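Asks: Build me a model:
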Amino acid sequence: MTGFAPYEPDAGGRTPAAVSLRPATRGDVDGILRLEVAAGRAAGSVGAAEGYRRAVADPQRCILVAEADDDGRRSIAGWAKTHRHVEAVDQAPPGHYLGGITVDPPWRRRGIGAALTDARLQWIAARADDAFYVVNLRNGASIDLHRRWGFTEVLRAPRLMGIEFEGGVGLLMRAHLDAAERA
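Replies: Residues are numbered from 1 along each chain as shown. Below you'll find the model as predicted:
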């Protein structure tokens with residue numbers, strides 16, 4: 001399993017989810033780990049948990065959770081993060097990067113990924129002129145999602161930001177952020 005959503009551009013029509021976004025806390029880490037496992041990602045290690053705890057405490061990063069009403073109880077339906085790289089890594093320049101985004105499979109295609117992306121881009125826009133992200137060329141769902149905000153391809157490489165891509169090709173994408181949003 002690849003860990004990212006299958007590319008189904010015509011799979012719309014699901015009712016948008018009513019979610020609330022908020023900054024993640026250390027108390028959300030277990031829920032984030034459960035979500036990663038449910039999405040087919042190998043994130044269940046003790047090291048992953050500690051890395052998430054450090055990330056939510058880092059003021060240079062934006063870590064968000066999307067909470068949804070799941071049969072009368074609030075649950076984490078998605079989460080997303082940013083990274084700030086102060087030095088170039090591989091061929092990728094320094095800057096603010098959209099990091100991982102995961103939406104629980106039953107909640108996909110209901111606007112949660114878009115809401116998490118928009119909120120992170122607003123956070124980055126208050127700090128930088130450009131936002132970056134890296135993505136596997138095979139992840140059409142993510143590429144299409146990010147085009148809404150003007151992300152365009154900068155370069156292709158087998159390794160970006162220390163990530164080696166399944167299938168051998170990763171994309172570095174960039175969006176110029178509106179300076180008026182930072183005012």
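
Asks: From L171, how far out is A114?
Replies: In this view, A114 and L171 are 19 Å apart by C-beta to C-beta, to the nearest Å. C-beta coordinates here come from the backbone N, C-alpha and C atoms, glycine included.

Asks: More neighbours: which of those two?
Replies: The residue with more neighbours, out of A114 and L171, is L171; 22 against 15, by other C-beta atoms under 10 Å.

Asks: so that one touches R156, yeah?
Replies: Yes: using C-beta atoms under 8 Å, L171 makes contact with R156 at a distance of 5.7 Å.

Asks: Find the residues that touch each one of these two.
Replies: L137 (C-beta atoms under 8 Å, 6 or more residues apart in numbering).

Asks: Doesn't P106 belong to a strand?
Replies: No: under DSSP: H, G, I helix; E, B strand; the rest coil, P106 falls outside any strand and is assigned helix.

Asks: lowest-pLDDT helix or strand in this protein?
Replies: Across the helices and strands of the chain, the lowest-confidence element by mean pLDDT, DSSP states H and E is helix 179-182, at a mean of 50.

Asks: buried stuff in the longest helix anywhere in the chain?
Replies: Counting residues, the longest helix found in the chain (DSSP state H) is helix 112-125. Residues of helix 112-125 classed as buried: I112, G113, A115, L116, T117, A119, R120, L121, W123, I124, A125 (neighbour count, 16 or more other C-beta atoms under 10 Å).

Asks: How about stretch 132-145?
Replies: Neighbour count says stretch 132-145 has F132, Y133, V134, V135, N136, R138, N139, G140, A141, S142, I143, L145 buried, by 16+ other C-beta under 10 Å.
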